[in-house]
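Test case, fold it:
(one chain, ligands or ions: 1)
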Amino acid sequence: MSPGPAADRHPAESLYPSGGRAAPSGAPQHTPFSEQLKQATWSAHEDAEGHGFTRALLDGSLPREGYAAMVAQHYFAYAALEEVGRALADDPVAGRVVLPGLFRVPALERDLAVLYGADWRGRIAPSPPTRTYAARIEQMAGDPAGYVAHHYTRYLGDLSGGQFIRTAAGRAYGLDEQGGTAFYDFAHLGSLPRFKAGYRARLDALELDAAERERVVRETRLAYQLNVEVLADLGHTYARGTAA
Ligand code: HEM
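This next block holds a predicted model:
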């Protein structure tokens with residue numbers, strides 16, 4: 001599919017009025033960085049969005065344990081993402097996107113208590129692909145532009161496709177933001193389209209030269225790939241026969 005979600009692609013797309021804006025191919029140099037980044041990584045996005053595990057989650061056929069296992073894997077990735085984010089909070093590049101209002105670990109802890117019970121800490125462990133993903137995020141403590149890539153891939157995704165997952169999980173498992181889908185609840189941020197526009201403006205304002213922009217693009221593709229590997233591992237256990 002061409003960069004940017006087509007207007008007819010998803011009924012909930014109207015929630016995201018900016019979803020259809022995509023830079024023309026061969027975007028000129030003055031194209032805002034947020035546009036360049038989206039365009040250059042949208043095919044990787046489609047691999048994540050179209051993965052069999054994601055499809056099963058969205059169509060309600062994934063068992064509740066599969067959803068819980070995904071939340072558990074998120075916990076380990078976000079623990080790394082937010083630990084490195086705190087360490088880079090004053091960095092002139094990474095610090096521009098590290099916004100405490102996005103931090104997800106407390107919400108994940110609430111969700112895990114609902115999904116696994118009070119003893120959830122003893123019942124979850126990172127999968128091998130999650131270990132690889134978290135290790136890569138930890139390496140970004142020394143690569144602030146690379147950190148931006150990981151930050152963008154997860155948080156802008158949670159604010160976008162994540163909202164469809166929230167609806168699907170609510171419907172399939174009877175969960176809500178009190179516990180189970182708190183991870184996807186960003187009500188405290190106000191209008192999500194407005195917040196995402198502000199986030200994109202932050203990306204556009206980053207002082208990155210062409211080589212550094214390319215560095216962010218490459219790391220974003222890797223971030224998508226690492227996410228797909230986590231999904232593939234989950235799909236192997238919980239969505240057999242639907243793997244992409
Ligand atoms: C559940 C399946 C998914 C659906 C239905 C979906 C849908 C969408 C839509 C409609 C947008 C455009 C929103 C906008 O421009 O305002 C979007 C953006 C985005 N999604 Fe997804 N997505 C899914 C899964 C994922 C996954 C698994 C990831 C990452 C691991 C991800 C990362 C992103 C990112 C980073 C953006 C922002 C792109 C940009 O505007 O620069 N999405 N998604």
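
List the contacts of residue 199.
Residues in contact with residue 199 (C-beta atoms under 8 Å, 6 or more residues apart in numbering) are 97, 152, 155-156, 159. (Glycine included, C-beta is placed from N, CA and C.)

burial count for the residue of the chain found nearest the ligand?
Here the chain gets closest to the ligand at one residue, residue 161, 2.1 Å apart by C-beta to the nearest ligand atom. Using other C-beta atoms under 10 Å, the number of residues around residue 161 comes to 20.

need the contact list for it.
Counted by C-beta under 8 Å, 6+ apart, residue 161 has contacts residue 49.

Can you check the pLDDT for it?
The score at residue 161 is 97. That number is its pLDDT.

contacting residues around the residue most central in space within the chain?
Closest to where the C-alpha atoms of the chain average out (C-alpha atoms, centre = their mean) is residue 154, at 2.3 Å. For residue 154, the contacting residues are 77-78, 81, 223, 227, by C-beta under 8 Å, 6+ apart.

what about stretch 122-129, near the ligand?
No - using C-beta under 6 Å from any ligand atom, stretch 122-129 never reaches the ligand; the gap is at least 12.7 Å.

Would you work out how far apart the start and end of that stretch are?
In stretch 122-129, first residue to last residue: 20 Å (C-alpha to C-alpha, to the nearest Å).

which residues touch that stretch?
Identification of contacts with stretch 122-129 by C-beta under 8 Å, 6+ apart yields 72-73, 75-76, 112, 116-117, 134, 226, 229-230, 232-234.

tell me how far that stretch is from the chain's mean position?
Centroid separation for stretch 122-129 versus its chain: 19 Å, with C-alpha atoms, centre = their mean, to the nearest Å.
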